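Enquirer: Sequence below, structure please.
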Amino acid sequence: MKYYTYAYLREDGTPYYIGKGKGYRAYVKHYNSNVRGGFFAPPERDRIIILKKNLTNQQALKHEIYMIALFGRKDNNTGILRNLTDGGEGGLGHIPWNKGGTIPDHQKESNRQMMLERYSNGLNMKGGNNPRAKTWRIVYTNGREIVIKSIHDWAKRQGYSKSGIRNLKINKWKRYKDLVLVEEVK
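Expert: As a prediction, the model looks like this:
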C-alpha cells in the first residue's frame, strides 16, 4: 500500500503537526498520544493537507523527519510543531516529561481524572473494559476501607503479592501486611 505525509494546519494556515500515514489516517478524528496533551485532527478537512503521496514506508518516514526538522518542534524550542519526536520510527528525539519536558497543570489534572475514572470503572491500563473485573472491599488495620476493581492490578501497584492477597481472601491468614480483610462485593 502507498504511504503519504500530511500536515494539520492551524486556522492561520501554519502547520501544527506533521505525520505519516496510509489510507484515511490523516482524516480520522483520532487522539494522538504522540503530542503532549494529545489533540484531535482539525475539524475542517481543508486544514488537513497531503504533503507527498505514493511513497514507500521508508520514503514517507524520511519525508516526515525532513518536514519536522524544517518547521521545528515546540517542545524542544526549535519551531512551531506540536510533534514530540523528530519523526520516523522509534521515537527519535523524544523528550520525556520527567527529563526536561513539561506538562501543563491543566493536563496533569486531566490525566489524573482520567486515571481515577479508569480504575474506578474497572478499566485496564490500555483502556479496555475488563468484563471479568470483580468489585472488592479492602479493609486496612487502621479501619480504613476502600472498594476497588481488578484486585490483581491493584495489589501489584501497591506492592502486595498475589499469594498474600489470596490467603487473606480465603481466611487462611487473619492479617497480611497492613490489610485485615479482602472480600468480594456482590
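Enquirer: can we go C-alpha only for contacts and neighbour counts from here?
Expert: OK.
Enquirer: quick one: the helices in this protein?
Expert: 57-71, 105-120, 151-158, 162-169 (DSSP state H).
Enquirer: tell me which strands and helices the first one is in contact with?
Expert: Spelled out, that is helix 57-71. Packed against helix 57-71 by the contact rule (3 or more Cα pairs under 8 Å, 6 or more residues apart in numbering; DSSP states H and E) you find strand 3-9, strand 15-21.
Enquirer: and those strands as TSV, adding distance to residue 182?
Expert: Formatted as TSV, those follow (distance: least, Cα to Cα, whole Å):
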stretch	distance to residue 182
strand 3-9	50
strand 15-21	48
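Enquirer: Please point out which parts of stretch 147-157 sit buried.
Expert: Buried positions in stretch 147-157, judged by neighbour count with 16 or more other Cα atoms under 10 Å: 148-151.
Enquirer: go on, stretch 173-181?
Expert: So, applying 16+ other Cα under 10 Å, buried residues of stretch 173-181: 175-176, 179-181.
Enquirer: so can I have TSV of the buried residues of stretch 147-157 showing pLDDT and distance to residue 186?
Expert: As requested, those are exported to TSV (pLDDT from 0 to 100; distance: Cα to Cα, whole Å):
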residue	pLDDT	distance to residue 186
148	84	13
149	79	12
150	78	14
151	84	14
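Enquirer: picking up where we left off before, now render the helices and strands packed on helix 57-71 as TSV, adding mean pLDDT and distance to residue 67.
Expert: Below are these laid out as TSV (pLDDT from 0 to 100; distance: least, Cα to Cα, whole Å):
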stretch	mean pLDDT	distance to residue 67
strand 3-9	94	9
strand 15-21	91	7
